[in-house]
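[1] here is my input; please provide its structure:
(2 chains, ligands or ions: 2)
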Amino acid sequence: MERYSIFSLARNAISHHRGWQRAWRSPDPQKTYDVVIIGGGGHGLATAYYLARECDAGRVAVLEKGWLGGGNTGRNTTIVRSNYLWDESAGIYEHAMKLWEKLSADLNYNVMFSQRGLLHLAHSVHDMQEIGRRGSAIYLNGIDSEFLTPGQVREMVPFINLDCRYPVMGALLQRRGGTARHDAVAWGYARAADNLGVDIIQNCEVTGFRIEDNTVTGIETTRGLIGARKVGCVVAGHCSQLAELAGFRLPIESFPLQALVSEPVKPVLDCVVMSGSVHAYISQSDKGELVIGAGSDGYNSYSQRGGFDIIEETVGPVIELYPVFSRLKMLRHWAGIVDVTVDRSPIISRTPVKNLFFNCGWGTGGFKATPGSGHVFAHSIARGEMHPIAEPFSINRFNTGALIDEGAAAAVAH
Amino acid sequence: MLIITCPWCGQRDQSEFTAHGEAHVARPEHPEQLTESQWGDYVFFRSNPKGVHHERWVHTHGCRRWFNVVRDTVTDHIFATYRPGERKPEIKG
Ligand SMILES: Cc1cc2nc3c(=O)[nH]c(=O)nc-3n(C[C@H](O)[C@H](O)[C@H](O)COP(=O)(O)OP(=O)(O)OC[C@H]3O[C@@H](n4cnc5c(N)ncnc54)[C@H](O)[C@@H]3O)c2cc1C
Ligand SMILES: [Zn+2]
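    Ligands and ions are numbered 1, 2, ... in the order given. Model (predicted):
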């Protein structure tokens, strides 16, 4: 692998950037692998990378039906934070945060991780109680968490309209929260995994499982049958379809979740501001676009489009809170299909089929967990035993009642 | 936004309605005999199909009555709406 550095940049500049190597190979699938990961989003690629780097997992492949990062990884609003209520969530999201903090160096790929600070606005007495409870729990878990007065919010966002239809009564701040470049996360993991010998196979859709003696032995794909000793399935919104192919059901429903970006403008907003109770999340990308996250549709769907009414419901509060944005044109708008569990926590788990593992249910908020999720999933698959951080996220919790209820805790979880 | 035909009120905008998930998930006959695991299956596990979906809606800002909808979850096309207790229409996706 050609290392990226200031010197490689200078060298390639001399040859007018025509000499760059491809970042990863595009091999044909082999007949059989030790581990096959289904889904080439951030979580699947990270899993493959840690399998190859830390787990001595043998021959590893990633099968992706479309292109890398074409799912929710490339469609999300890139908010990264670790300030969740419950201990189990703190465990996984903070594990991810620590990996984010050295990810660019680790992958030799600039994922543009920017800890620019993240605010949760509180607009009502209920919101104030929620951030009070959550902020204190987070603090007790050793994760940074500060309360801000409306005046302090104004210092961070000078043009915010504090006294509007959605009055700002306070905010919770995580200074280590921020954003990262979503595509770079997929590409960085893909390049680093490929360099360690992982076969990344795009345009290869999984259409069935070979299961003998209740044990997975192979995968049927649009590029033929591929043998596998172990399989990790990380397909987000399509996890119910894959589970059905393997003969079981999941406690998940899939919904469209939308986002939109404005025309690019000069730097104006240097932190992330989330407003759960009015469903408006906003940050500014390094290109200058305002990145706005909306709520999900109220009915399950795979239409990857989402309802118009949701856009209006999102843009309304945005211009109420930030009147300066009212004349910006919106340039692009899209949706991704998110896999939502009832407790708004993910599933990282064994399944009823032996050697078949699922990592799904990240719903509206899994981008931030990408490194941590991949890391603990890789170790779980390799050992055949769940990593302690992943253990509470077993699919069994829906049958035992040990839910990890972030839904009730935070209403929404981007 | 979808246009939904309430079986009582006729065609209305989707914003008058709220969706409540998969229909025809029957409450177990003898709940007292269920194990925790069976309860979990009944309460939380869903088919979440990519294609034809039978689902429950309420006309929240209208007659406030419940009814069922058959919708294609890929195109969001609505095939039929029907009242609770009516036979589930057979629709091939
Ligand atoms: C609009 C929007 C905003 C969001 N905002 C945030 C945010 O600000 N912060 C945050 O933390 N999270 C956010 N999320 C959630 C986040 O994007 C996801 O939780 C996360 O990216 C999931 O990553 P993944 O790798 O599991 O899934 P994906 O990136 O969706 O990857 C799954 C892959 O599986 C592939 N696949 C599916 N079926 C098959 C098959 N049969 N065979 C082979 N491959 C298959 C798909 O093509 C896809 O590439 C947002 C999501 C959306 C849609
Ligand atoms: Zn009605």
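
[2] all contacts plus neighbour counts: C-alpha atoms, from now on.
    Will do.

[3] can you pull the residues of the stretch 1-150 of chain A lying near ligand 1?
    Contact residues (CA under 6 Å from any ligand atom) of the stretch 1-150 of chain A with ligand 1: A:38-44, A:63-66, A:68-73, A:75-80.

[4] redo that, cut-off 8 Å
    Within the stretch 1-150 of chain A, the positions near ligand 1 by CA under 8 Å from any ligand atom are A:38-45, A:63-81.

[5] likewise chain B?
    Residues of chain B lying near ligand 1 (CA under 8 Å from any ligand atom): none found.

[6] next one: A:Gly188 from A:Ser285, what distance?
    19 Å (CA to CA, to the nearest Å).

[7] and these two? Which one has more around it.
    A:Gly188 (26 against 20; other CA atoms under 10 Å in any protein chain shown).

[8] what about the helices in chain B?
    Remark: helices assigned in chain B by DSSP state H are B:36-44.

[9] same check, this time on the stretch 301-414 of chain A
    A:308-321, A:370-383, A:397-400, A:406-410 (DSSP state H, counting those that start in this stretch).

[10] just name the most buried of those helices.
    Mean neighbour count, computed with mean count of other CA atoms under 10 Å in any protein chain shown, is highest for helix A:370-383 among the helices of the stretch 301-414 of chain A, reaching a mean of 25.

[11] next, work out how far apart the residue nearest to B:Ala80 when sequence neighbours are not counted and ligand 1 are.
    Residue nearest to B:Ala80 in three dimensions, not counting chain neighbours: B:Val70, with 5.3 Å by CA to CA, 6 or more residues apart in numbering or on different chains. Remark: distance between B:Val70 and ligand 1 (CA to the nearest ligand atom, to the nearest Å) = 24 Å.

[12] A:Ile201 too?
    9 Å.

[13] ok, now A:Asp56?
    A:Asp56 is 22 Å from ligand 1, by CA to the nearest ligand atom.

[14] what's that residue sitting at in phi/psi?
    The phi/psi pair for A:Asp56 (degrees, to the nearest 10) reads phi 50, psi 50.

[15] and for it, the neighbour number?
    Residue crowding around A:Asp56 was assessed by other CA under 10 Å; the count is 12.

[16] which residues sit in contact with it?
    The neighbours of A:Asp56, taking CA atoms under 8 Å, 6 or more residues apart in numbering or on different chains as the test, are A:Ala382.

[17] kindly report the same for A:Thr73.
    By CA under 8 Å, 6+ apart, the residues touching A:Thr73 are A:41-42, A:182-183, A:186, A:367.

[18] and if you look at A:Ala122?
    A:Ala122 touches A:128, A:131, A:168-172, A:275, A:277, counting by CA under 8 Å, 6+ apart.

[19] ok now the helix or strand of chain B with the lowest mean pLDDT, how far from the chain's centre?
    Least confident helix or strand, chain B: helix B:36-44 with a mean of 94, by mean pLDDT, DSSP states H and E. Taking CA atoms, centre = their mean, to the nearest Å, the mean C-alpha location of helix B:36-44 is offset from the chain mean by 19 Å.

[20] any chance of a markdown table for the helices of the stretch 301-414 of chain A, columns mean pLDDT?
    As requested, the helices of the stretch 301-414 of chain A are exported to a markdown table (pLDDT from 0 to 100):
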| stretch | mean pLDDT |
| --- | --- |
| helix A:308-321 | 93 |
| helix A:370-383 | 98 |
| helix A:397-400 | 96 |
| helix A:406-410 | 71 |
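
[21] so which of those helices comes closest to A:Val216?
    A:Val216 lies closest to helix A:370-383 among the helices of the stretch 301-414 of chain A, at 13.2 Å (CA to CA).

[22] for the closest one, packing partners?
    If contacts are counted by 3 or more CA pairs under 8 Å, 6 or more residues apart in numbering or on different chains; DSSP states H and E, helix A:370-383 sits against helix A:42-54, helix A:87-100.

[23] what's the following helix or strand past the last one packed up against?
    By that I understand helix A:87-100. Note on helix A:87-100: by DSSP states H and E, the next helix or strand toward the C-terminus is helix A:103-107. Judged by 3+ CA pairs under 8 Å, 6+ apart, helix A:103-107 is in contact with helix A:182-195.

[24] tell me where chain A is predicted with low confidence.
    Within chain A, the stretches with pLDDT under 70 are A:408-414.

[25] what's the closest non-adjacent residue to A:Phe113?
    A:Ala180 (4.1 Å).

[26] would you confirm that that neighbour contacts A:Val111?
    Yes - in this structure A:Ala180 lies within contact range of A:Val111 using CA atoms under 8 Å: 6.0 Å.

[27] anything in contact with each of these two?
    With CA under 8 Å, 6+ apart, A:Ala180 and A:Val111 have no common neighbours.

[28] re the thing from before, deepest of the helices and strands packed on helix A:370-383, which one?
    helix A:42-54 (a mean of 27).

[29] just the CA trace of that one, in PDB.
    C-alpha atoms of helix A:42-54 as PDB (Å, rounded to 0.1, in the frame of the first residue of the first chain):
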ATOM      1  CA  GLY A  42     -18.700   1.400   7.700                       C
ATOM      2  CA  HIS A  43     -19.600  -1.200  10.300                       C
ATOM      3  CA  GLY A  44     -18.900  -4.200   8.000                       C
ATOM      4  CA  LEU A  45     -15.700  -2.700   6.700                       C
ATOM      5  CA  ALA A  46     -14.500  -1.900  10.200                       C
ATOM      6  CA  THR A  47     -15.300  -5.400  11.300                       C
ATOM      7  CA  ALA A  48     -13.200  -6.800   8.500                       C
ATOM      8  CA  TYR A  49     -10.400  -4.500   9.300                       C
ATOM      9  CA  TYR A  50     -10.200  -5.500  13.000                       C
ATOM     10  CA  LEU A  51     -10.700  -9.200  12.100                       C
ATOM     11  CA  ALA A  52      -7.600  -9.000   9.900                       C
ATOM     12  CA  ARG A  53      -5.500  -6.700  12.100                       C
ATOM     13  CA  GLU A  54      -6.300  -8.100  15.600                       C
END
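
[30] and the angle from that helix to helix A:370-383?
    Per axes from the mean of the first three to the mean of the last three CA atoms, to 10 degrees, the angle that helix A:42-54 makes with helix A:370-383 is 60 degrees.

[31] let me know the angle separating helix A:42-54 from helix A:182-195.
    30 degrees.
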